[in-house]
Every structure is written in C-alpha cells, then in structure tokens.
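K.L.:
Attaching a predicted model along with its sequence, questions to come.
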There are 2 protein chains.
Amino acid sequence: MKKVLFIILIFFISFSCKNQEEPASKEKVATIKQNAFAIIIHGGAGTILKENLSIEKEKAYKLKLEAAVRTGYAILKNGGTSQQAVVKTIQVMEASPLFNAGKGAVFTHKETNELDASFMDGETLNAGAVAGVMNVKSPIELAVKIMTDSEHVMLSGSGASAFAKEKGLEMVDPSYFYTERRFKSLQRIKNSIKTELNKDDKKAAFYDSDIKNAKFGTVGCVALDKNGNIAAGTSTGGMTNKRWGRIGDAPIIGSGTYANNKTCGVSSTGWGEYFIRSQVAYDISAQMEYKNRSLKEATKDVIQNKLTKLGGTGGVVALDKNGNMSFEFNTAGMYRASMDAQGELIVKIYKE
Amino acid sequence: MKKVLFIILIFFISFSCKNQEEPASKEKVATIKQNAFAIIIHGGAGTILKENLSIEKEKAYKLKLEAAVRTGYAILKNGGTSQQAVVKTIQVMEASPLFNAGKGAVFTHKETNELDASFMDGETLNAGAVAGVMNVKSPIELAVKIMTDSEHVMLSGSGASAFAKEKGLEMVDPSYFYTERRFKSLQRIKNSIKTELNKDDKKAAFYDSDIKNAKFGTVGCVALDKNGNIAAGTSTGGMTNKRWGRIGDAPIIGSGTYANNKTCGVSSTGWGEYFIRSQVAYDISAQMEYKNRSLKEATKDVIQNKLTKLGGTGGVVALDKNGNMSFEFNTAGMYRASMDAQGELIVKIYKE
C-alpha cells in the first residue's frame, strides 16, 4: 500500500512540475501544422481615427495593404522563401506614397528624406540594417544586401549609399522621395515650433514634431515559409522634422526587427526611442524562449504592459514558428493585414 | 493514514516545484548587502597573449585600468551616482592612447577616426547613444547628453556633432585622435588586403582587417551606486579599416550596453556584428528576469554557449543589483578590472 502511494506521489510531483515549466506547451502542440505558412504586415501605428480618415483614403490604404500582403502570400504559396516574401511585400509599401517608407517618407529638419531599414533571417540569425540613406530606392533591399554581401550588420549614411551603388542596387535622385503631402507636414510642424519657441525657447529647440499625435507610418512584414523559416523586415523614413542624424528603432536589430526560427519574428512601429529602450522585438522572443509564453501572451505583455508603463506608444506584428499571428498595439489604430496558409485575409485599420 | 500521506504529497509537490522555479534564489539571498556598491570595467577583449605583450606594455595597461577603476570607485564611495562613476571612469580610458576609444581610436578605411558610444541608466531605463562622431572629445559624455538633453536615444554623424557643439561639449580637431600606432595598424591592414586582393578580388573587397585576430579594444564600465542604481556605458573607435559608415554594437542599446536596476548592467566588447545579432547585453538581463538565472549563469550562457555557437568572439563585464560581478569572455584575454564595496581590487589581462 505504502509502495503504491509512493509511486503515485512521484508521478504527481513530475506531472505537476512539468505542467508549471511548460504552461504554453499544450497550445503549441495544438497549433503545429504541416507546411504552415503565413504572412503579417503593418503600415504604421498611431492616432488613426475613423473620423479623421476620408472614405476614399481608408479605401486606398486597405487596397494597398491587401496588394502588399497578397504579393508575399503568393511567393510563400509557390514555395518561395520568407526572405523573398518579406522583401517583395515591403517594396510594395515602399513604392506607395501612402506610407512613411521609401516613396512617401517624411522629411527631416533639413528638408531631406533619410531612410532606415532592417532585415533578420530566423534560420541563421543573420541580419542587415541601414540608417540614413538618401538615394537608394528600396532600403529593405539594401538591408538584405548588407546581410548577404558584407561582413557587417549595420551601415549608415553616404557609406551605405556607396555600398549600394557598388552592389548594383537601384539608385534614385533624392527628389524621388519628395511628396507634397509630407513636405507640407514638415512645414506645419516647423511653423508650430516657431510659435512654441516664443513661449519656451529651451524646450522647443529640441521639439521634434507633435510626436505623440503623429502617425508613425513605418512599414514592416514578417513571414513564415513552407520550410519553417521565419524572416522579418522593417522600413521607414523615421520621424518628421528629425534632426541631429537621429536614428530610431527601425534599423536596430532587436528593437525594430527580430526573427528566430526557434520562437518568432517581429516588426515594430511606433515611438522609436521607447522601442530601443525596451528591446521590443527581441523581448517578445525572449519571453517565449525563457518563460514559455505563447506569442499572444508575449506580444501583449511587451506592448500593453512594459512599453505602455514606460510611456511608449506603437505596436508590433508578429508570427511564431507554428504560423500563429499577433497584431498588438496601444495606439488608436495600426494599418495592418495578414494571410494564413488557408488564404484567410485580414485587413484592418482601427482598434476593434 | 491516507490523510497524512495526502498532506505529505501536497508538501512535496510544492517544495519540489518551488525549487525548480527559483534555482538561483539562495545565491541571491546570500549576497544581498546593505549599501553594496561596485564597479567593473573592460578595455577590450581579443587575442591578447602574454608572449605578445612586453612587460612595459602590460604594466602600462594594468596601471591605466587601475587608475580608471579607482576613479569610479572614489565617486561611488563618496556617495556619487553610478552615472557619474561610469562617465568619469570611461573618460580616463578615452583619454589614454592605450585603448580603442577616444584618443587611441582606430582608423577607418578613409583614414579618419569615427567614434561610437552608448550609456544606459538602470533606474529609468533611459539611454543615449552616438555613432560616427569625429570631433567630440568624449563620446561617452555625448551619449549621456543625448539621453538627458534630447528626446532621442541615438544620434549620428555630423548631426550628432552639431548637437554636441550646441550643448557646449568639448570639441576637438579630428587630428586629436591621431596616434602613430593606430595609423600604422591601418596601413598594415591595407597592405595585407592588397596582397589578398590579388588572390581573391571579391572577398577582399569587403575584407575588414584581420578582424578575428584583432584586439577590439572597446572600453566599458558598469557601476552600482549606494542608492542601488545601476548604470552602464561603452565607448569605441570601432573596427580598424571600417568602411561604408559601419556601425558596430557599441552604440546599440541592448547589444553593446544595457542597464536595469531590476536585474543587471552590462557592457560588451568584441566582434560587434555578432553582438548585435545576439542582443548580448539585454539577453543577460532577460535570462535573469525570465529564467531566474544568476548573473554568473546568464553571462556564461550568453557568451560561452550562445555567442560562441554563432561564431562570435568577445566578452562582457556585468554586475547585478546585489553587487555580484562577472567577467566573461571567450577570447584569449580581456583587459579588465573591478572594485567592490570593501575596496577589493582586481586587475587582469589574460585568461586564468
């Protein structure tokens, strides 16, 4: 009798502890799919309110988000790599004046467009990033080229442009990035700073646009291909009226972009300074790896709890190795879309 | 009888699980000290071998490391902040031609010195970083100024210099950073590339110095003050013969530098590309926070296991909120020193 009870005791101890160690394991097992593939994108997060967006503009955003996500979906469905899907999808958004990336990038204080991008490959943990290029048509393509064709992870400024040129990437005149809408935004912000300058010289000298209320407009994509490889990429024009060679989170591996086949892929958008201080993209992966959290639990904690407590605003799109996806943001809206292996399409803008 | 056995069962389950959840808790409890303060520094890691270093040079390095660490120790002992200790300690090394930071920085491919630095405050999780400045005497001071006097975390290039000038930081002519020793190193590397270029044009075009065998020479410091605040900072000239506006890990928050009062502070040195891909500094904090690992366990796993598997070389200095300290590196040597609240001094160079 005692022996039987002792065996039961041992059984209960191991069962109970195993359960505590792997709280998310059941969920994971349940969602493993053969040949699962998936793609998720964002076109920026911020105070995007229905009352401020015309029906035409809303439609234009939704159509472009759908066109972008379908581009990557088709690549994945046909057996293409997550890297190809991420690059081609982001290029659709970079080429559109709707988003703050590539054509459509916001203006710096000096009335230039200075572009940042980053890419990470979840299989090799290799990565590429670029900060402050002014004449490279597709910054995301350059980020990948830095990863594949240099020994570096991060290049910047005119040096990065010289590298792009040498590698045969498409170069454009800086005027390619001019859009009247973004130029007017800069002028509005500069005028509002002038007014504020009279009130409080010191503060206004470092005032950087109505940052809290601006739509941030970075674009990003995470994809999982049929071989189980995750890739993530982010591309942006940064912050309107940015000065001093400011670098945000978009080109920072671990903050703006992260991918690891063991856990997940993440692309961030939002108030870059807080995303750097919070290691947003890698923190989601770390919570999954070290705390056994699900993708949903990890993205929720990092954005709604940790980032929010610090005062940061923005969001992420993320997917895990099993094709589970998560949109998570603490702003009024985030331009976003996704498609799963079954071809189910989601395109949304506002909080729901 | 059954009731008693059931109670024993419950007791064993909770005891056994608690033990698994908090493997490091005993160690932590044992080392909590009232008013603990501590400081730990590095002057770079790499293939530093006793047979290659003259007795005079070894002595010079040890004396400078001691002078640096004593500077910060005195500040902490007198009740100064960890921020003050980190800045003043790093400035001793920046002012010395022995280390690859400030005066003594290595040369870029264009024969310039382009300096990077970063700083993080463990109390507020605020941070500042600078990449590619050429005429600011103390890059670590500029990193702190970016944190305290701008809304940004990271500034770069001529924009960062303009910010420094406006804030009244000490500016120097770029020739201030010239040292014959570093200039000769660049020429040696350029010559060896020329030779290699004949063999393999393609590879050599992006060859970046004998990176694997170079002493990296970044400097860094982590301090814990009497108020329990942790601060960490890193300063470097980057990689000899660097091109294309390359940015390494030193100015990347989470890779080169991280500090959080809840866990630890870390400063990295090594092959920057791998440190960016591995999120070295933040990963140590994440393992402590999410896996309940001790500082020693976390630094060991991140450097000896994860970084080494990826192919990266280098090391970290780190300290936790209780004043425990860790030197961890996978290279032949790391210039390093530390002092604890009892005034115990350690100064070392080689692996022991």
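P.N.:
Noted; the coordinates are in hand.
K.L.:
Compute the distance between the residue lying closest to A:N113 once chain neighbours are set aside and B:V347, please.
P.N.:
Closest residue in space to A:N113, ignoring its immediate chain neighbours: A:F177 at 3.7 Å, by C-beta to C-beta, 6 or more residues apart in numbering or on different chains. In this view, the C-beta of every residue, glycine as well, is placed from N, C-alpha and C. To B:V347, A:F177 is 53 Å away according to C-beta to C-beta, to the nearest Å.
K.L.:
which of those two has more neighbours?
P.N.:
A:F177 (23 against 18; other C-beta atoms under 10 Å in any protein chain shown).
K.L.:
so where is the stretch 51-200 of chain A shaky, pLDDT-wise?
P.N.:
The model of the stretch 51-200 of chain A has pLDDT under 70 over residues A:193-200.
K.L.:
Around chain B, which positions in it sit nearby?
P.N.:
With the criterion set to C-beta under 8 Å from any C-beta of the partner chain, the stretch 51-200 of chain A comes near chain B through A:120, A:125-127, A:131-132, A:149-160, A:162-163.
K.L.:
separation between A:G72 and chain B?
P.N.:
24 Å (C-beta to the nearest C-beta, to the nearest Å).
K.L.:
So stretch A:242-260, near chain B or not?
P.N.:
Yes - counting by C-beta under 8 Å from any C-beta, contacts between stretch A:242-260 and chain B involve A:243-248, A:252-255.
K.L.:
Which members of the residues you listed are classed as buried?
P.N.:
A:243-248, A:252-255 (16 or more other C-beta atoms under 10 Å in any protein chain shown).
K.L.:
Could you identify the longest helix within chain A?
P.N.:
Of all the segments assigned as helix in chain A under DSSP state H, the longest by residue count is helix A:55-77.
K.L.:
in that helix, what's buried?
P.N.:
A:61, A:64-66, A:68-73, A:75-77.
K.L.:
got the residues you listed as a markdown table, with distance to B:K309 columns?
P.N.:
Shown next, in a markdown table, are the buried residues of helix A:55-77 (distance: C-beta to C-beta, whole Å):
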| residue | distance to B:K309 |
| --- | --- |
| A:Y61 | 43 |
| A:K64 | 41 |
| A:L65 | 38 |
| A:E66 | 41 |
| A:A68 | 36 |
| A:V69 | 35 |
| A:R70 | 38 |
| A:T71 | 35 |
| A:G72 | 30 |
| A:Y73 | 34 |
| A:I75 | 31 |
| A:L76 | 29 |
| A:K77 | 33 |
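K.L.:
so which of those residues comes closest to A:L224?
P.N.:
Closest approach to A:L224 among these (C-beta to C-beta): A:L76, at 7.8 Å.
K.L.:
which residues of the stretch 51-200 of chain A fall in helices?
P.N.:
A:55-77, A:82-94, A:139-149, A:157-166, A:180-199 (DSSP state H, counting those that start in this stretch).
K.L.:
Give me the packing partners of the second one, helices and strands only.
P.N.:
When you say that, I think you mean helix A:82-94. Contacts defined by 3 or more C-beta pairs under 8 Å, 6 or more residues apart in numbering or on different chains; DSSP states H and E place helix A:82-94 against strand A:38-46, helix A:55-77, strand A:115-121, helix A:139-149, strand A:219-224, strand A:230-236.
K.L.:
on contacts alone, who are the packing partners of the longest one?
P.N.:
Using 3+ C-beta pairs under 8 Å, 6+ apart, the elements in contact with helix A:55-77 are strand A:38-46, helix A:82-94, strand A:219-224, strand A:333-340, strand A:345-350.
K.L.:
what inclination does the fourth one have with respect to strand A:219-224?
P.N.:
In other words, strand A:333-340. 20 degrees (axes from the mean of the first three to the mean of the last three C-alpha atoms, to 10 degrees).
K.L.:
Can you get me a residue count around A:S118?
P.N.:
35.
K.L.:
Which residues are in contact with A:A332?
P.N.:
Counting by C-beta atoms under 8 Å, 6 or more residues apart in numbering or on different chains, A:A332 makes contact with A:46-49, A:350-351.
K.L.:
I'd like the distance between A:V172 and chain B.
P.N.:
From A:V172 over to chain B (counting by C-beta to the nearest C-beta), the distance is 19 Å.
K.L.:
In this structure that residue contacts A:S138, no?
P.N.:
No - taking contacts as C-beta atoms under 8 Å, A:V172 lies outside contact range of A:S138: 9.4 Å.
K.L.:
Show me which residues of the stretch 251-352 of chain A sit near chain B.
P.N.:
Going by C-beta under 8 Å from any C-beta, the residues of the stretch 251-352 of chain A near chain B are A:252-255, A:272-273, A:276-279, A:282-283, A:286-287, A:290-291, A:310.
K.L.:
circling back: return the member of the buried residues of helix A:55-77 nearest to A:R181.
P.N.:
Using C-beta to C-beta, the buried residues of helix A:55-77 come closest to A:R181 at A:Y61, 13.5 Å.
K.L.:
What segments of the stretch 251-352 of chain A are strands?
P.N.:
Taking DSSP state E, counting those that start in this stretch to define them, one finds strands in the stretch 251-352 of chain A at A:257-259, A:264-270, A:314-320, A:325-329, A:333-340, A:345-350.
K.L.:
Serialize these to a markdown table and add fields for mean pLDDT.
P.N.:
Formatted as a markdown table, the strands of the stretch 251-352 of chain A follow (pLDDT from 0 to 100):
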| stretch | mean pLDDT |
| --- | --- |
| strand A:257-259 | 98 |
| strand A:264-270 | 97 |
| strand A:314-320 | 97 |
| strand A:325-329 | 98 |
| strand A:333-340 | 96 |
| strand A:345-350 | 96 |
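K.L.:
Figure out which of those is closest to A:A231.
P.N.:
strand A:257-259 (5.6 Å).
K.L.:
now what about that closest one, what contacts it?
P.N.:
Contacts of strand A:257-259 (C-beta under 8 Å, 6+ apart): A:118-122, A:125, A:127, A:129, A:220, A:222, A:230-234, A:250, A:264-268, A:281-282, A:284-285.
K.L.:
which of the residues you listed are buried?
P.N.:
By 16+ other C-beta under 10 Å, those give A:118-122, A:125, A:127, A:129, A:220, A:222, A:230-234, A:250, A:264-268, A:281-282, A:284-285 as buried.
K.L.:
Which helix or which strand is home to the residue of the stretch 201-350 of chain A at minimum distance from chain B?
P.N.:
Nearest residue of the stretch 201-350 of chain A to chain B: A:G245, at 3.0 Å (C-beta to the nearest C-beta). Of the helices and strands defined by DSSP states H and E, none includes A:G245.
K.L.:
Quickly note the distance from it to B:S267.
P.N.:
In terms of C-beta to C-beta, A:G245 sits 23 Å off from B:S267.
K.L.:
One more: A:G238?
P.N.:
27 Å.
K.L.:
circling back to that earlier point, burial check on the nearest residue to the residue of the stretch 201-350 of chain A closest to chain B once chain neighbours are set aside, number of neighbours?
P.N.:
Computed as C-beta to C-beta, 6+ apart, the closest residue to A:G245 that is not its neighbour in sequence is B:G159, at 3.0 Å. B:G159: 24 surrounding residues under other C-beta under 10 Å.
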